[in-house]
Every structure is written in C-alpha cells, then in structure tokens.
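Engineer: Predicted model and sequence follow; I will ask about them next.
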Amino acid sequence: MKIFIPCLILLISSFNTSAIVIRHDKADELYRFRTNVIEAHVTFTTPHEGKDYIVGSGTYLGNGWVLTAAHVAHFFEKPDVAQILSEKLKIHQVILHNKWRDRQIGFDIALVKIEEPKQKIAPVTLFSHDLKAGEIITIAGRGDTGNGVIGMKTQDSHMRVAENRVDKVKNQWLSFTFDSPENGALEYEGMCGGGDSGSPAYIVKDGIIHVVGLSSWQDTEATNWEQGFYGAEDYYTYISFYKNWLNSHVKSEKSLIDK
C-alpha cells in the first residue's frame, strides 16, 4: 500500500484512517478491555521498513468477503494483508463502488476478497432496517489514539471499543459528535482517529451483532481542522443505503442483507 496522509476535503472534513479517541477523564484500560469487540473485525496492514503499519479496517462477512471503505481498498498493493484475530491473510480482489471517486466524499464503500481464515469467526449481520437519531452505536478500532482534550497522539495497535449517540441518518451517511463530559458524553464516549478507516459501527439486538456503518470521514470545522478533539463530527457510510449494491456483488444462497 502507498503510505498516504489523510487530507482535508472541501475545507471542512478529513478522511479518517481511524482508531479510537477517548474521553480525557476515563482510564484508557476501560476502552481497551471491554468485552464486546466483534471477532469479525479486520485490520489491514502494510510492511514498511521492517514493520507492519495499520492502514485500514473492515468487517469479515464470511466466505472470504470483507466490507471496508473505498478510500482504504483503493490503495491496496501486493504486500498488504488482512489480519483477523491472529491470522494474516492474502488479499485477492477489490471491488470499489462504481460511483466512488478518489479524494471526494460519497459512495465510500468496497468489498475485498481475502483468503478464508482457518479460525471460526462469529458471524455478523448487516443491518437493513432504519437506524434512528438518538440510538447508541458501538465503534471499534486500532491505531492512533488520544483524547478529546489533546487530540490524536500515538498509535499502539491496541483494540479499543467506544460508543456514541447517532445525531443524523440521511441517505448514505450516519453521523455523530464527539461530546465532552460537560456536554452530555456517554460513559464510554469516543470517536475514530487515525489508523482504521473502514472500521465498523454496530448495534446489538437480541444478542446478534448488526453492522450499521463503516468509518469514512470527519467534519473538523468546529475543531480548527484538527481530528480527535471534542466537537468534531464523525461520518460513517450507512450500510442500509447500499443494500442492493452489496447483494449484487456477493452471490450466495442467502443475501448479505436479508430482505
């Protein structure tokens, strides 16, 4: 993968290459050791000067298919691999949404075909019903972290899990704001930062994990164009909007998103 720096988009937003930025008044361990991390979380890495660098994330759907952001998958090259739990798996094929355009916001979704993991991975479901403003979603990621006061500071590859309350669901986007403790933050409030674009947002209903979105870009106008500070808005590709596109590209006995 070509190493690239997240850029400003339309002067108000920047692509995530996200991880989890947390509340400044909570211990980091509370985000690192929460128990609701999905096994299907995929980390994409690229080798550089003898080290593996995290360049994006995705969600394993089964049968070798991974869902991620187009702006992540667009850069894949032969040395890059997908990691699920402890397995490193080759990337075989990339399908970008046909309406996605490099460095522009919109249609930021892709399917990636990888080697099937040897380990059994607990399945996830892609959520096809209407998500409502006010619902609480869970987000997960690895890579750059920090908190809402100091912004993003470091990448340590630890998985962190946070939550946020959905502000808006409109067409192809769902969005939420990184609120400060004095502005109504949830107990484990967080947002994406720098290292895992394409990482999932999900909800759990009746014990089943439903993926509702994937990390795409961030509106940082309220934070002087800097990511990871309180007040920034995170935008996730809304899975339900792409129901037909997903099912048209992955042929199986059962559709990815049930009708």
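Structural biologist: Cool, got the structure. Treat the numbers as computed from the prediction; the structure is a model and nothing was measured.
Engineer: mind listing what's buried in the top helix by length along the chain?
Structural biologist: Taking DSSP state H as the criterion, the chain has its longest helix at helix 243-249. The neighbour-count check on helix 243-249 (16 or more other Cβ atoms under 10 Å) flags Lys243, Trp245, Leu246, Asn247 as buried. Any C-beta I mention is one placed from the backbone N, CA and C, and that applies to glycine too.
Engineer: Spatially nearest residue to the second one (excluding sequence neighbours)?
Structural biologist: The shortest distance from Trp245 to any non-neighbouring residue, by Cβ to Cβ, 6 or more residues apart in numbering, is to His97 (6.4 Å).
Engineer: and the end-to-end length of stretch 139-149?
Structural biologist: Chord length of stretch 139-149, first to last residue, is 20 Å (Cα to Cα, to the nearest Å).
Engineer: distance of the spatially most central residue of the chain from Val21?
Structural biologist: The residue lying closest to the centre of the chain (Cα atoms, centre = their mean) is Ser199, at 1.8 Å. According to Cβ to Cβ, to the nearest Å, Ser199 stands 13 Å off from Val21.
Engineer: do Gly134 as well
Structural biologist: Taken as Cβ to Cβ, the span from Gly134 to Val21 is 22 Å.
Engineer: what about these two, which has more around it?
Structural biologist: Under the neighbour definition other Cβ atoms under 10 Å, Gly134 and Val21 were set side by side, and Val21 has more, 32 against 8.
Engineer: hang on, the more buried one in a helix?
Structural biologist: No: under DSSP: H, G, I helix; E, B strand; the rest coil, Val21 sits outside any helix and is assigned strand.
Engineer: My read is that it contacts Lys153, right?
Structural biologist: No: between Val21 and Lys153 there is no contact under Cβ atoms under 8 Å: 9.1 Å.
Engineer: Identify the contacts common to these two.
Structural biologist: Shared between the contact lists of Val21 and Lys153 (criterion: Cβ atoms under 8 Å, 6 or more residues apart in numbering) are residues Asp144, Thr145, Gly146.
Engineer: nearest to Gly193, of these?
Structural biologist: Asp144 (4.5 Å; Cβ to Cβ).
Engineer: residues near the residue nearest to Pro79 when sequence neighbours are not counted, how many?
Structural biologist: Once flanking residues are discounted, Pro79 sits nearest to Pro47: 5.2 Å by Cβ to Cβ, 6+ apart. Look at Pro47: counted by other Cβ under 10 Å, it has 12 neighbours.
Engineer: Ile203 now?
Structural biologist: Around Ile203 there are 17 residues (other Cβ under 10 Å).
Engineer: so it, which of the three states?
Structural biologist: Ile203 ends up strand, using three-state DSSP.
Engineer: doesn't His210 make contact with it?
Structural biologist: Yes: taking Cβ under 8 Å as the definition, Ile203 is a contact partner of His210 at 5.3 Å.
Engineer: list residues touching both of the two?
Structural biologist: Phe127.
Engineer: I would like the residues contacting the helix or strand harbouring Ala82, please.
Structural biologist: Element membership of Ala82, judged by DSSP states H and E, is strand 81-84. Strand 81-84 is contacted from outside by 39-45, 58, 60, 66, 88-91, 112, 114, 117, 119, 121, using Cβ under 8 Å, 6+ apart.
Engineer: What's the ChimeraX line that selects buried ones from the residues you listed?
Structural biologist: Restricted to buried positions by 16+ other Cβ under 10 Å, the ChimeraX selection for the contacts of strand 81-84 reads:
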select :40,41,42,43,44,45,58,60,66,89,91,112,114,117,121
